[in-house]
Every structure is written in structure tokens, then in C-alpha cells.
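Peer 1: predicted model follows, preceded by the sequence.
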Amino acid sequence: MTVESVRPATAEASEHGELREPPLAGGGVPMLGHGWRLARDPLAFMSRLRADGDLVRLRLGPKEVYAVTTPALTGALALNPDFIIAGPLWESLEGLLGKEGVATANGPRHRRQRRTIQPAFNLAAIPDYGPIMEEEAHALTGRWQPGDTVDCTSESFRVAVRIAARCLLRGEYMDERAERLSVDLSSVFRGMYRRMVVPLGPLYRLPLPANREFNRALADLHLLVDEIVTERRASGQKPDDLLTALLAAKDENGEPIGEQEIHDQVVAILTPGSETVASTIMWLLQVLAEHPEQAEKVRAEVESVTGGRPVGFEHVRRLAHTNNVVVEAMRLRPAVWILTRRAKADTELGGYRIPAGADIVYSPYAIQRDARSYDAHLDFDPDRWLPERAQDVPKYAMSPFSVGNRKCPSDHFSMTQLSLITAALCARYRFEQVPGSDDSTRVGITLRPQRLLLTPVPW
């Protein structure tokens, strides 16, 4: 089913005044509604909602929200201008991303900001980043020695942050700050998830240990960003990068954009991208350890394409199986597992009535693991992305970078570095988990393994 196949029925229902109220999902409890189940086992909860309907109502504390459960309606939601970036997820992220960055802006401000940052991520710009991506990917493999125990959380954040900083902010000053950023992000995203699913506002202001940790990490993260901007201004340097573009950007009136917007834009560049790419690297390492036959196929492909030379940016497009391994890892273990929108006016979706101000939630994790869309839906099968099989996947059942005007601008940038890192790692090693490793899923704003510890084993 595609979004186009939904629209005729939707339009017909609207013309005849037959819009329905979405059914209430089962499993709610007094006071907390569905928030308790969402907090206790969110992935299982979101994955079972389709059994209640294509679009259902949830109660999160005093609020009622709507949950979309099908690929077609997630596509319709993303492409419908009646729905904007807002809702519980984005409200919980405002303390991190602010209100003036491209991640949270809407309307004319969002369009202007996209025009400012998009050139840095266009396909034509990606080759300029190739040498940096290669250097960081091979530095990662060089740090790992046979028999070492590798903490995949810190290593994944380190390479993701360094690539983002060196490509987009051109700053060697990020070297010593990568670990600080990864620690801060871990605490911040964990705390923001709690605030989203259990909205107990005043309790989060109490001086409890978890609240103090969250506040410390958030303050340090914003201090870090201010240091980056201040140092660039003081240097007088204007490299051809995203930070230079931001410092030179103009607002709708032709005036330089404000300091708060610059700050929020840098946060939006560094944090969501680093968090999601790092989480994806962790899951790639987990599935490669769990499926050594796939690591061997990647190794063989890399050797065939490179002729035994170090893998580089120029090889990425020919690494078809490696790219499919990355896509399949993102399908089964998407870093971003939950997203929200808000209706800005009375509207409809899939034949259901949606009132102005209503919040809509959907889960890429649930959509991408649905047995209605995928054969052997829980199997790790990179070959499902071969052209002859990928055509059978329903439209919008796999949209790791979203669609429409909110599509992630860094999709090509992210895929290139993920494929290159996977190829460089598998060219040298296979991986085994070691005692103390825990690859169960840690649920926050993003998904990642709890504590993935691996040892590299030479081929």
C-alpha cells in the first residue's frame, strides 16, 4: 500500500462528512493512561499498536495523542503540510536543540535554514569529505588491536563526532572534546526520554541524582557549543564549512542571524547527527558479531573491489553488499525509533478526524519490523535490499532519513561514512562479544546496545 492509495478513500470520507474518531488503544491504566506501558516496554508497546488500528488514540498522563501504525499513513503524515514538527518528542528536546535550530523550526524559518545548511550535504560536496572519512575510519581500526576489549559506545561516538566536527566545523579543537560530548549526550538523551513518556513536570525539578546528572550534562553541552563558536570567531578564519556559512547567514530581513540561532544550529549539527550515527555504528558492530558470515561477505567484497588496497571513499558506491548490510541494520535497529508531529488545524488522516493541536506519534522501529511489510521480518537479511527484492517492500515501510521537507539533509553524508567505516572494520577483523557485554537494547530518545564490548579477531 502507498500513500497515494490512501488518499482517494480519505478524500471521499471528507466529502461525505464521514470522518471517524480513531479507536482508543487497549492497555491503558488509571492516571498514567498508556504512559506506564510506553515507559516500561516501549518497543513492544508500539509494535503491537497496529493490531488496534491504522491510527489509534493513546493517553499519556493527562494528554491524549494519536499513534499512526502503517507505512502508508506515516508517509501521508510526513507529506501533509497540516502537520508540523512539534509534540512530546520535540518539547522534550527543546532543552537540547533550542527553538531556533533547523531540527525544530517550522515554516519560513525552516526553509531559510535548510537553504543555509543544504549545500554542505549535497552530493557534490560529499567527495570533499572523503579523505577525512577515510582517515577517521582507518584510525578507528588502527586503535583496535587483536585481543583488546573495545567499548563500542565510546569508540562509536568518538568516530562519529570527529567526522562531523572535522567535515562540517573544520575544528581540530574537537579532538579533546569528543569524549566529553559523548558522555553529555548519553545523559541528556536518557533524561529527555523519561520526560517525554512520563510528563511529571515539577518532579523533574527536584534535586534528585538523575535530575542533577541531566542538568549537569545539558549545561556542559551548551557550554561546549559556545566554546566552539567563540573560538571560531576569535580565530578570524573562514574555512569553507558549515560553521562559516552560519556565521555569515542572514535572516528574512537581510540581517545577520542572532547568536541564539547560531548556537542552536551548531547544536543541531553536532548532537542529533552524532547520536544517530554513533548508535547505528554500535548496531552494525553488534550484528556483525552476531552474524560473522555477513562480516566475511563484507570482507570478501572489499577485497574484490579494492584489490587488497585500503578501502577508500572512491570504492563506496561499488560496495553493494556492504551498503545493504548498513540498510538492514538500520531497518532492524533504527537509531530514531519514535517521532511526533502536531496538527496545526482541524484536518484528517486516513479517514480519521484529527483536531487542531493534536499530537501524532509514530515509530519507525515498529513500521520497519512489521510482518505485514517484510517476509521473515525479524531476520537480519541484507539481501532483502537487492533490487529484485526491494521492490516488494511497501512504500514508506523503510524511511530511515524520513521524507518530504523534513527529510534529514545529511542522508548521503551519513550513509557514506557508515558504509566506509563498516568496510574498513570488516577488511581487518571479525568481532566477538566478550564477558560483561550486554547487547540488549537501551531505549532513550534513540536506541543503542546497553553495553557492547567486543574483541577484534584478525581474519
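Peer 2: Nice, I can see it.
Peer 1: residues near residue 341, how many?
Peer 2: Residue 341 has 26 neighbouring residues, counting by other Cβ atoms under 10 Å. From N, CA and C alone the C-beta is placed, and that goes for glycine too.
Peer 1: confidence score at it?
Peer 2: For residue 341, the pLDDT comes out at 91.
Peer 1: which pLDDT value goes with residue 141?
Peer 2: At residue 141, the model reports a pLDDT of 93.
Peer 1: now do the same contact list for it.
Peer 2: 424-425, 427-429 (Cβ atoms under 8 Å, 6 or more residues apart in numbering).
Peer 1: burial of residue 40, as a residue count?
Peer 2: When neighbours are defined as other Cβ under 10 Å, residue 40 has 10 of them.
Peer 1: if you skip the residues just before and after it, what's nearest to residue 452?
Peer 2: Nearest non-adjacent residue to residue 452, counting by Cβ to Cβ, 6 or more residues apart in numbering: residue 152, 4.0 Å away.
Peer 1: would you quantify the distance from that neighbour to residue 243?
Peer 2: 29 Å (Cβ to Cβ, to the nearest Å).
Peer 1: out of the contacts of residue 141, which sit inside helices?
Peer 2: Among the contacts of residue 141, DSSP state H puts 424-425, 427-428 in helices.
Peer 1: which stretches of the stretch 201-350 of the chain have low pLDDT?
Peer 2: For the stretch 201-350 of the chain, no stretch has pLDDT under 70.
Peer 1: which residues in it form strands?
Peer 2: Assigned strands in the stretch 201-350 of the chain, in chain order: 339-343, 347-349 (criterion: DSSP state E, counting those that start in this stretch).
Peer 1: tabulate the ones you listed (JSON lines), appending distance to residue 33.
Peer 2: Converted to JSON lines, the strands of the stretch 201-350 of the chain look like this (distance: least, Cβ to Cβ, whole Å):
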{"stretch": "strand 339-343", "distance to residue 33": "16"}
{"stretch": "strand 347-349", "distance to residue 33": "21"}
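Peer 1: let me see the contact set for residue 313.
Peer 2: 127, 129-131, 133-134, 416, 420.
Peer 1: rewinding a little: residue 440: which of the ones in helices among the contacts of residue 141 is nearest?
Peer 2: Nearest to residue 440 among those is residue 425, at 22.2 Å by Cβ to Cβ.
Peer 1: count the neighbours of that closest one for me.
Peer 2: 26.
Peer 1: what helix or strand is the spatially closest residue to it that is not a sequence neighbour on?
Peer 2: The shortest distance from residue 425 to any non-neighbouring residue, by Cβ to Cβ, 6+ apart, is to residue 141 (5.8 Å). Taking DSSP states H and E as the definition, one finds residue 141 inside helix 126-143.
Peer 1: circling back to that earlier point, buried ones among the contacts of residue 313?
Peer 2: The neighbour count (16 or more other Cβ atoms under 10 Å) marks 129-130, 133-134, 416, 420 as buried among the contacts of residue 313.
Peer 1: what about residue 57, which SS state?
Peer 2: For residue 57, the assignment made with DSSP: H, G, I helix; E, B strand; the rest coil gives strand.
Peer 1: go ahead and confirm it touches residue 69.
Peer 2: No: look at residue 57 against residue 69 with Cβ atoms under 8 Å: they stay out of range, at 11.9 Å.
Peer 1: who's more crowded, these two?
Peer 2: A count of neighbours by other Cβ under 10 Å puts residue 69 above the other of residue 57 and residue 69, at 23 against 20.
Peer 1: residues touching the more buried one, list them.
Peer 2: 49-50, 52-56, 362, 366-367 are the contacts of residue 69 under Cβ under 8 Å, 6+ apart.
Peer 1: skip the chain neighbours and tell me the closest residue to it.
Peer 2: That would be residue 50: by Cβ to Cβ, 6+ apart, it lies 3.9 Å from residue 69.
Peer 1: burial measure for that neighbour, as a count.
Peer 2: So residue 50, with other Cβ under 10 Å, has 20 neighbours.
Peer 1: shouldn't it be in contact with residue 371?
Peer 2: No: the pair residue 50 and residue 371 does not pass the contact test of Cβ under 8 Å, sitting 9.7 Å apart.
Peer 1: re the thing from before, quickly note the distance from the residue nearest to residue 452 to residue 146.
Peer 2: Per Cβ to Cβ, residue 152 is found 16 Å from residue 146.
Peer 1: follow-up on the earlier one: most packed of the strands of the stretch 201-350 of the chain?
Peer 2: Using mean count of other Cβ atoms under 10 Å, the stretch among those with the largest mean neighbour count is strand 339-343, at a mean of 22.
Peer 1: now the longest helix along the chain: buried residues?
Peer 2: Using DSSP H to define each element, the chain has its longest helix at helix 259-290. Buried residues in helix 259-290, counted by 16+ other Cβ under 10 Å: 261-289.
Peer 1: same check on stretch 386-406?
Peer 2: Residues of stretch 386-406 classed as buried by neighbour count (16+ other Cβ under 10 Å): 393-403, 406.
Peer 1: let me know the closest of those residues to residue 319.
Peer 2: residue 400 (17.9 Å).
Peer 1: quick check: phi and psi at residue 319.
Peer 2: phi -90, psi 70 (degrees, to the nearest 10).
Peer 1: list the contacts of it.
Peer 2: Residues near residue 319 by Cβ under 8 Å, 6+ apart: 298, 301-302, 305, 311, 419, 423.
Peer 1: that one and residue 326, how far apart?
Peer 2: Taking Cβ to Cβ, one finds residue 319 at 9 Å from residue 326.
Peer 1: cool, residue 426 as well?
Peer 2: For residue 426, the distance to residue 326 equals 11 Å [Cβ to Cβ].
Peer 1: could you do residue 420 as well?
Peer 2: Separation of residue 420 from residue 326 (Cβ to Cβ): 10 Å.
Peer 1: got it, and residue 346?
Peer 2: Remark: distance between residue 346 and residue 326 (Cβ to Cβ) = 41 Å.
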